[in-house]
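Peer 1: Predicted structure and sequence below. I'll ask about it afterward.
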Amino acid sequence: MNSTLNPNLLVEVIALRREYLLPQKLCGLFLADRNFSEAFALAFHHQGNVRHHFNESRSFRNPNFTVKTKSGIVFQFTKEYHVPALLRIAGRLIQVHDGDCPDEKWVEPFFEGLDENKCLESVGSNCSSVFIEKYFRSHDVLPRVECCNFAMLNGLKNKTIDTLLVQSYSVMSNESSGNDEQVRVTNIEINCYNLRVNPLKGRGKTLKFDKKFFKRLTIFGKINPENAARMIACFRMAEEIELQQVIIPFQLGWKPMQEHFDRLKSHVDKVWQAVVVPSGIVNVTALYTRDLPGTLMDMATACKTHLKGYDVFTDNATRAILKKKQGNKTLEVRVALFETR
């Protein structure tokens with residue numbers, strides 16, 4: 001290999017390989033190119049396309065230690081084939097981690113680099129407890145943890161997680177379990193498709209957290225009005241609560257237009273009653289979408305008649321928007337009515 005190859009060009013070549021570099025080839029590049037350490041460090045800031053892929057969820061089957069950059073470039077090390085200098089660079093510059101991490105002497109340069117790390121953004125649900133424990137040797141706060149099993153939080157003691165992202169569909173699975181001791185969590189985010197129950201509290205699967213350190217709850221996915229009200233009440237101690245998709249249900253079959261709107265207003269009133277109770281900031285967005293017989297003009301007329309306080313307009317649907325505000329509490333209701341086809 002040309003010993004003067006441009007480090008940025010070398011990173012591009014590595015990223016566009018069909019296969020990621022095996023440990024033997026990684027060691028060979030280090031020995032052959034005097035600029036490789038610089039290129040290796042630049043790889044952690046690479047923002048271009050990456051052609052090869054690696055499945056972290058299957059890494060437990062692989063004895064190699066795998067490090068992945070934020071853009072997806074994969075580097076692997078083994079006890080037989082590793083470069084301490086590269087391991088140290090990887091520990092210092094790694095931004096995301098979601099795999100196994102052997103607690104062996106040859107990996108210590110990586111942990112030494114991790115002690116100096118100032119750019120870690122998150123760890124995934126497959127991240128080993130070894131990585132988390134080593135990170136906390138010299139850090140008090142873990143920026144972000146994606147969690148599918150609360151048991152992965154055991155042993156954190158007095159350390160703090162800034163943001164805990166809960167994947168509700170995985171937390172509620174039979175393989176998941178609760179954590180043994182309370183953890184310090186500042187922000188909780190719940191990512192779900194259709195949330196019908198509280199994913200943080202279940203039989204044998206409850207998240208134990210110290211409410212003194214808790215500040216913010218965000219629910220990204222769909223949640224029905226009844227469960228939205230329960231979640232707001234359950235986390236009323238939070239400084240801020242945000243629910244982005246409260247889905248207001250509709251009645252099946254043909255019903256008079258006014259009956260649809262009466263049901264809508266009933267759900268909105270229940271959500272608003274829950275919103276105004278906490279002392280902190282509460283922001284809720286509620287959505288009501290359905291097809292109805294009739295023209296868009298007829299629907300617009302009905303909305304203006306029955307939905308007082310809503311702004312009504314028509315594009316590809318008849319839309320009505322209500323914005324309620326009381327102090328630091330807001331509720332926005334978005335109605336979209338489409339013609340039945």
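Peer 2: Cool, got the structure.

Peer 1: what ranges of the protein fall below the confidence cut-off?
Peer 2: Scanning the chain with the threshold set as pLDDT under 70 gives 1-4, 54-63, 168-176, 193-194, 202-204, 252-254.

Peer 1: Identify, by residue count, the longest helix of it.
Peer 2: Longest helix of the chain, by residue count under DSSP state H: helix 257-275.

Peer 1: buried residues in it?
Peer 2: 257, 260-261, 263-265, 267-268, 271-272, 274-275 (16 or more other CB atoms under 10 Å). The C-beta positions use only the backbone N, C-alpha and C, and glycine is treated the same way.

Peer 1: Next: stretch 302-312.
Peer 2: Of the residues in stretch 302-312, 302-303, 306-307, 310, 312 count as buried by neighbour count, 16+ other CB under 10 Å.

Peer 1: try stretch 124-142
Peer 2: Judged by neighbour count (16+ other CB under 10 Å), stretch 124-142 contains these buried residues: 124-128, 131-132, 134-136, 139, 142.

Peer 1: now those as TSV including secondary structure?
Peer 2: Listed next are these as TSV, based on DSSP: H, G, I helix; E, B strand; the rest coil:
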residue	secondary structure
Gly124	coil
Ser125	coil
Asn126	coil
Cys127	coil
Ser128	coil
Phe131	helix
Ile132	helix
Lys134	helix
Tyr135	helix
Phe136	coil
His139	coil
Leu142	strand
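
Peer 1: With distance to Leu29 as extra columns, can I get the buried residues of helix 257-275 in JSON lines?
Peer 2: Shown next, in JSON lines, are the buried residues of helix 257-275 (distance: CB to CB, whole Å):
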{"residue": "Met257", "distance to Leu29": "70"}
{"residue": "His260", "distance to Leu29": "66"}
{"residue": "Phe261", "distance to Leu29": "67"}
{"residue": "Arg263", "distance to Leu29": "66"}
{"residue": "Leu264", "distance to Leu29": "63"}
{"residue": "Lys265", "distance to Leu29": "67"}
{"residue": "His267", "distance to Leu29": "61"}
{"residue": "Val268", "distance to Leu29": "62"}
{"residue": "Val271", "distance to Leu29": "58"}
{"residue": "Trp272", "distance to Leu29": "62"}
{"residue": "Ala274", "distance to Leu29": "59"}
{"residue": "Val275", "distance to Leu29": "57"}
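
Peer 1: how far out from the middle of the chain is stretch 83-95?
Peer 2: Taking CA atoms, centre = their mean, to the nearest Å, the mean C-alpha location of stretch 83-95 is offset from the chain mean by 25 Å.

Peer 1: Quick check: buried residues in that stretch?
Peer 2: 83, 86-95.

Peer 1: so of those, which ones are in helices?
Peer 2: Those of the buried residues of stretch 83-95 lying in helices (DSSP H): 86-93.

Peer 1: Domain ranges for the chain, per the record?
Peer 2: In terms of domains, the chain is parsed into 1-91+108-118, 243-341 (source: automatic domain parsing).

Peer 1: Out of these, the one nearest Ala151 is which?
Peer 2: Among the domains of the chain, the nearest to Ala151 by CB to CB is domain 1-91+108-118 (15.7 Å).

Peer 1: Over to Val185. Which of the three states is it?
Peer 2: strand.

Peer 1: which residues sit in contact with it?
Peer 2: For Val185, the contacting residues are 160-161, 163-164, 209-210, 213-214, by CB atoms under 8 Å, 6 or more residues apart in numbering.

Peer 1: same thing with Arg236?
Peer 2: 277-280.

Peer 1: ok, it to Val284 distance?
Peer 2: Distance, Arg236 to Val284, using CB to CB, to the nearest Å: 13 Å.

Peer 1: rewinding a little: tabulate the buried residues of stretch 83-95 (a markdown table), appending distance to Leu29.
Peer 2: Shown next, in a markdown table, are those (distance: CB to CB, whole Å):
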| residue | distance to Leu29 |
| --- | --- |
| Val83 | 9 |
| Leu86 | 10 |
| Leu87 | 15 |
| Arg88 | 17 |
| Ile89 | 14 |
| Ala90 | 14 |
| Gly91 | 19 |
| Arg92 | 19 |
| Leu93 | 17 |
| Ile94 | 19 |
| Gln95 | 22 |
